[in-house]
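**Student:** My questions are about this predicted structure, shown below with the sequence.
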Amino acid sequence: DDRRRTMAKMISDGLFSYLVDLQLVLAAATFLILSYFNIAAPYGRHSRSAGEEKGKSKPVVSKIKSVVLSCRGPEIPAHIAWCIMESPNLIWPAYYYFFHREQWENLEKNVRNQVLFVMFMGHYVHRTFIYPIRMRWISSRSGSKAGDSTPMPILVMLLAFSFTSLNGFVQTYGIIFTKFEASSNAFDFNFVSGIIVFVVGAYFNIRSDNTLLVLKFKSKRSQCKTDSVIEKKTRYSIPYGGLFRYVSCANYTGEIIEWTGYALACGMSRWSVAFTLYTCSNLLPRAMQHHLWYIKTFEEYPKERYAVIPFIL
């Protein structure tokens, strides 16, 4: 029995290492593809305008965009899509807890692993359940119809689900089995500072998400106000307050800060860094697309704002 467990652990370790490498490759590929081809995932503010720009892309790029858009499939309500595509990050921990309980020994004995587990789970409990519920609740509270929330193409959801299935396993496995320093040195500078950075990022991420949700579902029937310029052809308006004073995508800024803190708290392990890099590779190009969209949509958009990193990008 012990021999079988040892063999299974060796196979799992090999798979884990391979998947971390795959995640690093995906991070590089995602950033290059999204940046070079300027492809905006067709949901949210880009759901209707994606692929409509003319004369600005090379023929090959335009053809690739049209192929991607033609394959996006049917659309489903955004709050349901978010719940489905983020769920693997919670399913993998549940799988190991209920079916491989004996492998939790390292996690149960080490406070550092437990804190990292709470950080990871806390984010995805919010993203899988609380955020979609808030999205649906704010929509109904503002008097919007069920269909007023911009739906998400099933292709986007499935691609996200594929990545979270990969990442959910990698992060769960890393947190459960990684043996950090001895308990006397567990709360070192990197660990403590990483927790602080993570909490700050989570705060800005949640606060910014809330700002955007309120604006999204209220702007369609609201009138122009001094603090919000509303374009007739869109349900979006200019967000203000918090990090939105400095960047167009404060929610992305918060999430990047959050996972940078997570990687720092994980001792900059390959598996946590791979996740952080992929997060950046996905969010940075989309933040630039959001920023350009704001500038094109609103003539009064603040010129001093950056896309996602204050005073830099």
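**Tutor:** Arrived safely, thanks for sending. Numbering: from 1, shown residues only.
**Student:** Which secondary structure state does residue 303 sit in?
**Tutor:** For residue 303, the reduced secondary structure class is coil; criterion used: DSSP: H, G, I helix; E, B strand; the rest coil.
**Student:** burial count for it?
**Tutor:** 6 (other CB atoms under 10 Å). Every residue, glycine included, has its C-beta placed from N, CA and C.
**Student:** Next: residue 154.
**Tutor:** The number of residues packed around residue 154, counting by other CB under 10 Å, is 16.
**Student:** Now do the closest residue to it other than its chain neighbours against residue 313, distance only.
**Tutor:** Nearest non-adjacent residue to residue 154, counting by CB to CB, 6 or more residues apart in numbering: residue 73, 4.2 Å away. Applying CB to CB, to the nearest Å, the value for residue 73 to residue 313 is 32 Å.
**Student:** do the same with residue 156
**Tutor:** When distance is defined by CB to CB, residue 156 is 24 Å away from residue 313.
**Student:** do residue 298 as well
**Tutor:** Counting by CB to CB - residue 298 and residue 313 are separated by 20 Å.
**Student:** Please identify which of these two sits among more neighbours.
**Tutor:** When residue 298 is set against residue 313 and neighbours are counted by other CB under 10 Å, the residue ahead is residue 298, at 17 against 12.
**Student:** I'd say the more buried one and residue 239 touch.
**Tutor:** No. Taking contacts as CB atoms under 8 Å, residue 298 lies outside contact range of residue 239: 11.0 Å.
**Student:** If I look at residue 103, what pLDDT would I see?
**Tutor:** The model reports residue 103 with a pLDDT of 78.
**Student:** So which elements touch the longest helix belonging to the chain?
**Tutor:** Under DSSP state H, the helix in the chain containing the largest number of residues is helix 2-36. Helices and strands touching helix 2-36, by 3 or more CB pairs under 8 Å, 6 or more residues apart in numbering; DSSP states H and E, are helix 154-177, helix 270-297.
**Student:** could those be laid out in a markdown table, adding distance to residue 133 and mean pLDDT?
**Tutor:** Converted to a markdown table, the helices and strands packed on helix 2-36 look like this (distance: least, CB to CB, whole Å; pLDDT from 0 to 100):
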| stretch | distance to residue 133 | mean pLDDT |
| --- | --- | --- |
| helix 154-177 | 18 | 94 |
| helix 270-297 | 23 | 95 |
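**Student:** Turn these into a markdown table, including distance to residue 192.
**Tutor:** Output for the helices and strands packed on helix 2-36, formatted as a markdown table (distance: least, CB to CB, whole Å):
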| stretch | distance to residue 192 |
| --- | --- |
| helix 154-177 | 18 |
| helix 270-297 | 16 |
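**Student:** Can you tell me which of those helices is nearest to residue 136?
**Tutor:** Minimum separation from residue 136 across the helices and strands packed on helix 2-36 (CB to CB) falls at helix 154-177, 16.1 Å.
**Student:** For the closest one, buried residues please.
**Tutor:** Across helix 154-177, burial judged by 16 or more other CB atoms under 10 Å covers 154-157, 160-161, 163-177.
**Student:** My guess is residue 259 contacts residue 201. True?
**Tutor:** Yes. The pair residue 259 / residue 201 is scored as a contact, 7.4 Å apart, by CB under 8 Å.
**Student:** Of these two, give the one with the bigger neighbour count.
**Tutor:** Using other CB under 10 Å as the criterion, residue 259 and residue 201 rank with residue 259 on top: 27 against 21.
**Student:** Looks like residue 167 contacts residue 23 (just checking).
**Tutor:** Yes. Assessed by CB under 8 Å, residue 167 is found in contact with residue 23 at 6.8 Å.
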